[in-house]
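Sharing a sequence plus its predicted fold:
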Amino acid sequence: MSTSSSQSLPPRKRTALGEQLQAFAEKGELHLQQCAACNLWSYPPREVCGHCLADELSWQPCPGEGQVLSRVDLHNSFEAYFSEQLPWPLLSVKLDVGPVLYVHGDGQSGQRVNVKLQLDAASAPVFRAE
Amino acid sequence: MSRPASYQGVALVCPVSVGYAKQSEKGAAYFIGRSLGEMIQRAGIAKDDVDGLAISSFSLGPDSVISLCQHFDISPRYLEQLPFGGASGVIAMRRAARAVQMGDADIVACIGGDTNQAGSFADLIADFSTFTRDASYPYGAGGPNAAFALITQHYMEQYGASREDFGRIALAQRYNANHYPGALLGHKTLSMEDYLNARPIAGPVHMFDCVMPCAGGEGLLMMSIERAQTLGLPYVTILAADELHYAHRDDPVQYRAGWTEYAADLYEQANLGPGDIDMLQTYDDYPVISMLQMEDLGFCKKGEAKEFVRKTALTFDGHSFGDKTESCLPHNTSGGQLSVGQAGSAAGFLGLVESVRQLIGQAGSNQIANARHAMVSGYGMINYDRGLCSAATILAKGEA
Ligand SMILES: [Zn+2]
């Protein structure tokens, strides 16, 4: 994947909860919300535990091992940052700890990958499979 | 688990499709209001005879169904707003049927209406839900194309469906649209070569797998059968209907939806089988989703929709494009969203309104001969990686 030569940047907008990934992305430490009551992991970011509804979610270091569920190349995007760099690969990955994540990176369905939390070109938090 | 009580005594009348345009500077209230205006004219009733409104719209904000009362100068005693996208038609019908049965309203107008202004679709998908904002939009997965590309890719790898199989659905629908004047793409033919050589959009999804966002309105009136007969209106009845949302939530990738959990009950309540269904209207935001509905609603087994579409003519008149078909199941008989256009939430009413038009014999040049029973299915709301809503109904032509 090439580096964009223009001023276009990836979408920066997140919810207030999504913004909380920023600090972990800056350190490159994969964190997801884990529930202290049931120990299960939730993603996308939630206000209450997606399993037991407890008010005990907190961001915890999370193992990034997982498996690619599906992979496509995007040939079209409403966002200039992506449309200038097509085709753009997109993966869905099921982490071994449970959640399904859309991630940047390369890979094929069935492949084992390690998901990292990083900053993208807009300095926003994104997941990437390696 | 209990199942829905009978919908007996309720009539669906006066199906209308209005104002379809690729883009419009008008607001959503235009498409909803003109649908209502056309329906009451067709029914021969006064505006104030409509005492219930069930509305779906993505583009009505900041207004809502209550704002429409002042906009249209009406005083209903029953209001519903159904933000369920592609399932909103069948869900509106279920809610309105109970209101009519219970006396909460005598005549309910069920309407899906949306405008499509320049840039409005891009705005909608950029901020569709909190989950899309955090977890899909930043990855270039803006809008449903990427989510459905991942679903389609997975389905093809799992079950061996080919692009040609999806193309069979798209071609049949375009053929149907060629006979339905309201279809925005109905003036163009579509060949398998056109389909296969189309511009790639995302993974296996190419241009003719995607709907064209547009403006338009779809609606019908619901009332008692007695009232419909008094008004001299041809009508349709509900033999069975159900809905289930975010079913199979542990499936890592969507390959089925809630229909699997109630399809058998629908047939049992209707005292019919899949072979008795004269037309199937699926929510075709992408052909793979129509295949999921064919499977989950019992027209074929899971993973076998590819064989089903090879051996079944899906056109309104049995035309089969050179395939050696063994039977005919008219599918998305006005062209579906793929060829009519996706008028926001109105697209969630498209199959319902078309089915009523067909069953009362008012379909025009795409009319199916001797149609008595229709299956209409709804699906919608891509909150992140899958559609959450499912709904389906079996309708019957009313007794004269
Ligand atoms: Zn919990």
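Thanks, I have it.

distance of residue B:398 from residue B:151?
According to CB to CB, to the nearest Å, residue B:398 stands 38 Å off from residue B:151. For glycine as for every other residue, the C-beta is placed from the backbone atoms N, C-alpha and C.

With neighbour numbers in mind, choose between these two.
Remark: of residue B:398 and residue B:151, residue B:151 carries more neighbours, 29 against 19, as counted by other CB atoms under 10 Å in any protein chain shown.

Find the helix or strand that residue B:134 is a member of.
Using DSSP states H and E, residue B:134 maps to helix B:130-135.

show me what contacts residue B:136?
With CB atoms under 8 Å, 6 or more residues apart in numbering or on different chains as the criterion, the residues that contact residue B:136 are A:102, B:142, B:146-147, B:384-385.

hmm, try it at 7 Å
Contacts were defined as CB atoms under 7 Å, 6 or more residues apart in numbering or on different chains; by that measure residue B:136 touches A:102, B:146-147, B:384.

residue boundaries of the helices in the stretch 201-350 of chain B?
Secondary structure of the stretch 201-350 of chain B, counting by DSSP state H, counting those that start in this stretch: helices at B:225-230, B:263-270, B:287-296, B:305-311, B:336-340, B:347-359.

Can you say which of these is nearest to the ion?
Each of the helices of the stretch 201-350 of chain B has some distance to the ion by CB to the ion; the shortest is helix B:287-296, at 30.3 Å.

ok, residues contacting the closest one?
Residues lying outside helix B:287-296 but in contact with it, judged by CB under 7 Å, 6+ apart, are B:148, B:151-152, B:155, B:161, B:166, B:169-170, B:209, B:255-257, B:259-260, B:263, B:282-284, B:300-302, B:304-305, B:308, B:377, B:379.

which of these count as buried?
Under a neighbour-count criterion of 16 or more other CB atoms under 10 Å in any protein chain shown, the subset of these counted as buried comprises B:148, B:151-152, B:155, B:161, B:166, B:169-170, B:209, B:255-257, B:259-260, B:263, B:282-284, B:300, B:305, B:308, B:377, B:379.

Identify the residues contacting the residue of chain A found nearest chain B.
For chain A, the residue closest to chain B is residue A:72, as judged by CB to the nearest CB, at 2.7 Å. Taking CB under 7 Å, 6+ apart as the contact definition, residue A:72 lies against A:90, B:146, B:149-150, B:153, B:202-203.

what's the lowest-pLDDT member of the residues you listed?
For the contacts of residue A:72, the minimum pLDDT belongs to residue B:146; the value there is 94.

Could you check the worst-scoring helix or strand of chain B on mean pLDDT against chain A for contacts?
Sorted by mean pLDDT, DSSP states H and E, the helices and strands of chain B end with helix B:120-126, the least confident at a mean of 78. Yes: part of helix B:120-126 sits close enough to chain A to count as contact by CB under 7 Å from any CB of the partner chain, namely B:122, B:125.

residues making contact with that helix?
Everything outside helix B:120-126 that qualifies as a contact, by CB under 7 Å, 6+ apart, is A:78, B:58-59, B:137, B:142-143, B:213.

cool, stretch B:159-179 as well?
Outside of stretch B:159-179, the residues that reach it under the criterion CB under 7 Å, 6+ apart are B:155, B:183, B:185-186, B:189-190, B:192, B:195-196, B:204, B:208-209, B:284, B:287-288, B:290-291, B:303, B:305-306, B:309-310, B:314-316, B:319, B:321, B:331-336, B:338-340, B:365-366.

re the thing from before, which two of the contacts of residue B:136 have the greatest separation?
Greatest spatial distance among these (CB to CB): B:146 and B:384, at 11.1 Å.

Just the contacts of helix B:287-296: which are in strands?
Restricting these to those inside strands, with DSSP state E as the criterion, leaves B:377, B:379.
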